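K.L.:
mind folding the following:
(one chain, ligands or ions: 2)
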Amino acid sequence: MQRTEPQNYLIQGIDPIQLTEQFGSPLYVYDGGTIRRKVAELLHAFAGINMKIKYACKANTNLAVLKLMREIGVELDVVSPGELEMGKLAGYNASQITFTPSGVPFEEVREAVETGAIVNVDSLPLLEWFGQTYGNTKPCLIRIKPNVAAGGNIKIMTAHADSKFGISVLLLDQILEVVKKYDIKIIGLHQHTGSDIKDAEPFLKVADILFETAKHFPHLEIIDLGGGFKVSYLPGDAITDMDLLGEKISERFKTFCKEYGRELQLWFEPGKFLVSESGYLLVKTTVVKEDPARNFVHVDSGLNHLIRPMMYGSYHHILNLSNPDGALKSYNVVGYICETDTFASDRELPEVRKDDILAFLNAGAYGFTMSSNYNARLRPAEVLIDNGQARLVRRRETLEDLLQTQLGM
Ligand SMILES: Cc1ncc(COP(=O)(O)O)c(C=O)c1O
Ligand SMILES: N[C@@H](CCCC[NH3+])C(=O)O
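P.N.:
Ligands and ions are numbered 1, 2, ... in the order given. Presented below is the predicted three-dimensional model:
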């Protein structure tokens, strides 16, 4: 979204307020141009390296977004049979999809393997099952837990010693024993450190751990370093310097490949980095309440549509699209859910009036995908703007959708 004079917010030349008039509110809007730009940034940072992007689609599974990713050469990382199916519906071959489960029933792994996807094995019992079931007939990667703590907050750190994810690197001997016992075809090592990681240092640390571990596996083709690049939520927020990170990791990766004796492929699985900035949650002000303690702005949405502020205390920048020139006032922006659902506390915004349209920025990742029907509320519609055209890519839910699975009458 550019800010044009005088403070007229447009997404690819389209007025978001007009979108809410056409498609209703609340509304998720994604800017395909931003997604294309983010993919290009990542490719640029790792130019010169045999690198593949596996979009962690838990961030946003709208089929139009998945199709766009496929069209621009991005492959997929999925965490469930549902996401796998969505990937296929978006036109992916199963062989372009990696399944990265977390303690799932082994039947889900069987389904993924038999459909042709590659699996990141995340526990010793699963490795044992994989060996018993497939011997050396199917390839897999192993998800290593490097015991490194990094990420925006503890809930989104996934590689520290107490994290449930992956097989601890300290269990390497046991991993090797199982691999040997069944002659399992390990073609890659994987790790994902966490989300919202700004500095290059943790990425380099886990890369070194994986490179060292890789020396014990002679048939590798892939090193998968996961996702986690930080984006800017607050204006002026420090973000991962992708070019610097690309340069540093590429250098070490090249050295590793030389030592390993073969050129491997480097994979990344970003979610947030690719889609966060592309997304806006547009909401309408329902009530402005001037309480002695605080000014409250209620909107026609809540933690059911964007849970990140309540779940992680995350900051999402808010724009008052309807009154950008209004005098600044301090507000608590809250939802309509019967639960404390605060989007923002003590936030300075241009004066907010009833029926103003507000935009929550950085809503493209973990927005709609983490939404729910709490309080029997319906989920928003979604619009994708690409090549200057706005297209409805998910209709608004109806009460019928909500009642469809109920059998209690
Ligand atoms: C295995 C795996 N890969 C990739 C990601 C994407 O993380 P992010 O959206 O921070 O890039 C996640 C989510 O945390 C993950 O669990
Ligand atoms: N859902 C998290 C990031 C991914 C966590 C999943 N491992 C967020 O909104 O920041």
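
K.L.:
use CA for all of it now, contacts and neighbours both
P.N.:
OK.

K.L.:
what's in contact with stretch 340-355?
P.N.:
Taking contacts as CA atoms under 8 Å, 6 or more residues apart in numbering, the residues outside stretch 340-355 that touch it are 284-288, 297, 302-303, 309-310, 315-316, 318-320, 323-335.

K.L.:
now go through these and say which are in helices.
P.N.:
Counting by DSSP state H, the contacts of stretch 340-355 place 309-310 in helices.

K.L.:
buried among the contacts of stretch 340-355? Need that as a selection in ChimeraX.
P.N.:
Only the buried entries of those go into this ChimeraX selection, using 16 or more other CA atoms under 10 Å:
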select :284,285,286,287,288,297,302,303,310,315,316,318,319,320,323,324,330,331,332,333,334,335
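
K.L.:
what helix or strand does the spatially most distant residue from the centre of the chain sit in?
P.N.:
Relative to the C-alpha centroid of the chain, counting by CA atoms, centre = their mean, P292 is the outermost residue, at 39.3 Å. Following DSSP states H and E, there is no helix or strand that holds P292.

K.L.:
show me what from the stretch 51-200 of the chain comes close to ligand 1.
P.N.:
For the stretch 51-200 of the chain, the residues in contact with ligand 1 (CA under 6 Å from any ligand atom) are 56, 100, 192, 194-196.

K.L.:
repeat the analysis, applying 8 Å as the threshold.
P.N.:
Counting by CA under 8 Å from any ligand atom, the stretch 51-200 of the chain comes close to ligand 1 at 55-59, 77, 79, 100-101, 156-158, 191-197.

K.L.:
any idea how many residues pack against the residue of the stretch 51-200 of the chain found nearest ligand 1?
P.N.:
Per CA to the nearest ligand atom, S195 is where the stretch 51-200 of the chain lies closest to ligand 1, at 3.4 Å. Residues lying near S195 (other CA atoms under 10 Å) number 25.

K.L.:
wait, isn't it in contact with G151?
P.N.:
Yes. Using CA atoms under 8 Å, S195 is in contact with G151, at 5.1 Å.

K.L.:
now do the shared contacts for these two.
P.N.:
157, 228.

K.L.:
would you map the strands across the stretch 1-150 of the chain?
P.N.:
For the stretch 1-150 of the chain, applying DSSP state E, counting those that start in this stretch gives strands covering 2-4, 8-10, 27-31, 51-56, 75-78, 97-99, 118-121, 139-145.

K.L.:
mean pLDDT lowest for which of those?
P.N.:
Lowest mean pLDDT of these: strand 2-4, a mean of 44.

K.L.:
picking up where we left off before, show me which of the residues of the stretch 51-200 of the chain next to ligand 1 neighbour ligand 2.
P.N.:
Counting by CA under 8 Å from any ligand atom, 58-59, 156-158, 194-196 from those sit close to ligand 2.
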